[in-house]
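Peer 1: coords below, sequence missing:
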């Protein structure tokens, strides 16, 4: 038994192969960490750009007045205030709502 352990201890076959695998594993690990950091930075940039574009979406629209054989509608228009600091009451107050030509009065609740 002692001879077997001594023989295994002194055997250097495969040591070069093990070193090559160790170097290969090290290079793959470093490359993976660097690549994942680059992917993380790119995703953060893309999400920031997407968020900025969503924030700049304008929600203004208009519907013209319609007349038909049995009825009519006065149309409507909503204008976006265009800045992120405006409150909902400011946006609603920018275009007075009407119903059948009469202006509708309402108030927004205080926060």
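Peer 2: Thanks, I have the structure now. Quick caveat, the model's predicted, so the values are computed rather than measured.

Peer 1: for this protein, which spans come out with low pLDDT?
Peer 2: 14, 81-111 (pLDDT under 70).

Peer 1: Run through the strands of it in chain order.
Peer 2: For the chain, applying DSSP state E gives strands covering 61-63, 66-67, 72-73, 76-78, 98-99, 102-103.

Peer 1: so which of those strands is the most packed in?
Peer 2: Ranked by mean neighbour count, the strands of the chain are led by strand 76-78 with a mean of 13 (mean count of other C-beta atoms under 10 Å). Glycine gets a C-beta too; all of them are placed from N, C-alpha and C.

Peer 1: Where does the record place the domain boundaries for the chain?
Peer 2: Using automatic domain parsing, the domain parsing of the chain gives 13-55, 61-103.

Peer 1: Redo the strands of the chain as JSON lines? Include distance to residue 43.
Peer 2: Listed next are the strands of the chain as JSON lines, based on distance: least, C-beta to C-beta, whole Å:
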{"stretch": "strand 61-63", "distance to residue 43": "33"}
{"stretch": "strand 66-67", "distance to residue 43": "47"}
{"stretch": "strand 72-73", "distance to residue 43": "47"}
{"stretch": "strand 76-78", "distance to residue 43": "35"}
{"stretch": "strand 98-99", "distance to residue 43": "47"}
{"stretch": "strand 102-103", "distance to residue 43": "49"}
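
Peer 1: most centrally placed residue in the protein?
Peer 2: Note on the chain: the residue nearest the mean C-alpha position is residue 47, at 4.0 Å, using C-alpha atoms, centre = their mean.

Peer 1: looking at the strands of the chain, which is closest to residue 8?
Peer 2: Closest of these to residue 8 is strand 61-63, at 81.7 Å (criterion: C-beta to C-beta).

Peer 1: returning to what we had before: to residue 4, which of the strands of the chain lies closest?
Peer 2: strand 61-63 (86.6 Å).

Peer 1: And that closest one, what does it pack against?
Peer 2: Helices and strands touching strand 61-63, by 3 or more C-beta pairs under 8 Å, 6 or more residues apart in numbering; DSSP states H and E, are strand 76-78.

Peer 1: Of the domains of the chain, give the one that comes closest to residue 6.
Peer 2: Judging those by C-beta to C-beta, what sits closest to residue 6 is domain 13-55, at 15.1 Å.
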